[in-house]
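# what would the 3D arrangement of this be:
(chains A and B)
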Amino acid sequence: MSEDIFSCDLAATKVTMSSSNLRDLQRELESKTNDLSKLQKDIAKNHQVRKKYTVQLGENELVLKELDLLREDANVYKLIGPVLVKQDLAEANANVRKRIEYISAELKRLDGTVQDLEEKQNSKKDTILKLHQKIQSLQAGKGKA
Amino acid sequence: MASSKGGAIPLERMSVEQLKALKEQSDLEVNLLQDSLSNIRTATTRLEIASAALHDLSLRPHGNKMLVPLTASLYVPATLHDAHHVLVDVGTGYFIEKTMPEGKDYCERKINLLKSNFDQLVEVASKKKTVADETGVVLQAKLKQLASSS
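Numbers count the residues shown, from 1 in each chain, chains lettered A, B, ... in the order given. You can find the predicted model right below:
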């Protein structure tokens, strides 16, 4: 009789332990999921910026191609606000080249960050998957008990 | 990304989740490509309009009277002073002074560039579309199978 009570008690403590464990795990899962969505938002933002820079790079390259086709004495104007200002061909050429250089460097930097973020995202996904499995196995065990 | 996935595992052996993700991804890409195509189309028509305007301008004699639009609804009378030089906007705020044939040549070149880009994109878009369609078909089949088996 006394033994029966004892085993009953043990089972009860086990259930409360696993349920508190479960709650902890679920809380952890929630925070990890939040982290993941934050990472995904960052990646999306990065992609947008990257797209903008790629478009600018393409435009600048087109301009450079045009400038290269010109003769030495061609008149080049730069739009500054509402006015067109005459500019040296050499100066314009150097300007566009510098811009292309800058944008390329920026693109490279963005590539690096995106790669970094994606790696983080994948590892977060892994941990979330593992947490899911743990919770599921715990729940299955609880269901049996 | 999607094509490498499709190459690694045959569509029939993918799980429903994978198929769904693949379908979503390829649909997204198809939409993006379609958007780009329509953008290229509008750019081409704008260049064609510019080219036609240049041709029109080159036919007018010196001192021709015309009305120049200052805003969409305000026109001022003017006489044509020089129809042999044009200012071309090449992008990023740069304008280049060109002679009339050079300006026409510029438009032609741009139109040809856009056309070749357009053709390339059409090819890519149709390929992506077939991938998306195939994925959709396989996904539907899988879902039907699941529904009937359960």
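# let me know the secondary structure of residue 45.
Picked chain A for this. For residue A:45, the assignment made with DSSP: H, G, I helix; E, B strand; the rest coil gives helix.
# count of residues packed around residue 34?
Looking at chain A here, since you left the chain open. 10 (other CB atoms under 10 Å in any protein chain shown). In short, each C-beta sits where N, CA and C put it, glycine included.
# I was after chain B.
So residue B:34, with other CB under 10 Å, has 14 neighbours.
# what stretches of chain A score poorly on pLDDT?
A:1-18, A:143-145 (pLDDT under 70).
# helices of that one, start to end?
Using DSSP state H, the helices of chain A run over A:2-69, A:89-144.
# report the contact partners of the spatially most central residue of chain B.
With distances taken as CA atoms, centre = their mean, residue B:40 lies nearest the centre of chain B, 1.8 Å away. Residues in contact with residue B:40 (CB atoms under 8 Å, 6 or more residues apart in numbering or on different chains) are B:114, B:117, B:118, B:121.
# try residue B:37
Residue B:37 touches B:118, B:121, B:122, B:125, counting by CB under 8 Å, 6+ apart.
# so which of the residues you listed sit within helices?
Going by DSSP H, the helices hold B:118, B:121, B:122, B:125 from the contacts of residue B:37.
# among the contacts of residue B:37, who's most crowded?
Using other CB under 10 Å as the neighbour test, these are led by residue B:125, with 18 neighbours.
# list the contacts for the nearest residue to residue B:34 once chain neighbours are set aside?
Ranked by CB to CB, 6 or more residues apart in numbering or on different chains and with sequence neighbours excluded, the top spatial neighbour of residue B:34 is residue B:125, at 6.5 Å. Counting by CB under 8 Å, 6+ apart, residue B:125 touches B:30, B:33, B:34, B:37.
# rewinding a little: nearest to chain B, of the helices of chain A?
helix A:2-69 (4.5 Å; CB to the nearest CB).
# now that closest one against helix A:89-144, angle please.
170 degrees (axes from the mean of the first three to the mean of the last three CA atoms, to 10 degrees).
# for helix A:2-69, packing partners?
When contacts are defined as 3 or more CB pairs under 8 Å, 6 or more residues apart in numbering or on different chains; DSSP states H and E, helix A:2-69 packs onto helix A:89-144, strand B:85-91, strand B:94-99.
# report how many residues lie close to residue 41.
As the question left the chain open, I've gone with chain A. Neighbourhood size, residue A:41 [other CB under 10 Å]: 10.
# the intended chain is chain B.
Residue B:41 has 12 nearby residues by other CB under 10 Å.
# how about residue B:91?
So residue B:91, with other CB under 10 Å, has 16 neighbours.
# bridging residues for it?
Taking DSSP bridges as the rule, residue B:91 bridges to residue B:94.
# residues touching residue B:44, list them.
Residue B:44 touches B:111, B:114, B:115, B:118, counting by CB under 8 Å, 6+ apart.
# okay, it: pLDDT?
As predicted, residue B:44 sits at a pLDDT of 96.
# element containing it, please.
According to DSSP states H and E, residue B:44 maps onto helix B:16-59.
# I'd like the next helix or strand past that helix.
strand B:65-69.
# in that following strand, what counts as buried?
By neighbour count on 16 or more other CB atoms under 10 Å in any protein chain shown, the buried set for strand B:65-69 is empty.
# other SSEs contacting it?
Strand B:65-69 packs on strand B:75-79, going by 3+ CB pairs under 8 Å, 6+ apart.
# what does the strand it packs on contact?
With CB under 8 Å, 6+ apart, strand B:75-79 has contacts from B:63, B:64, B:65, B:66, B:67, B:68, B:69, B:70.
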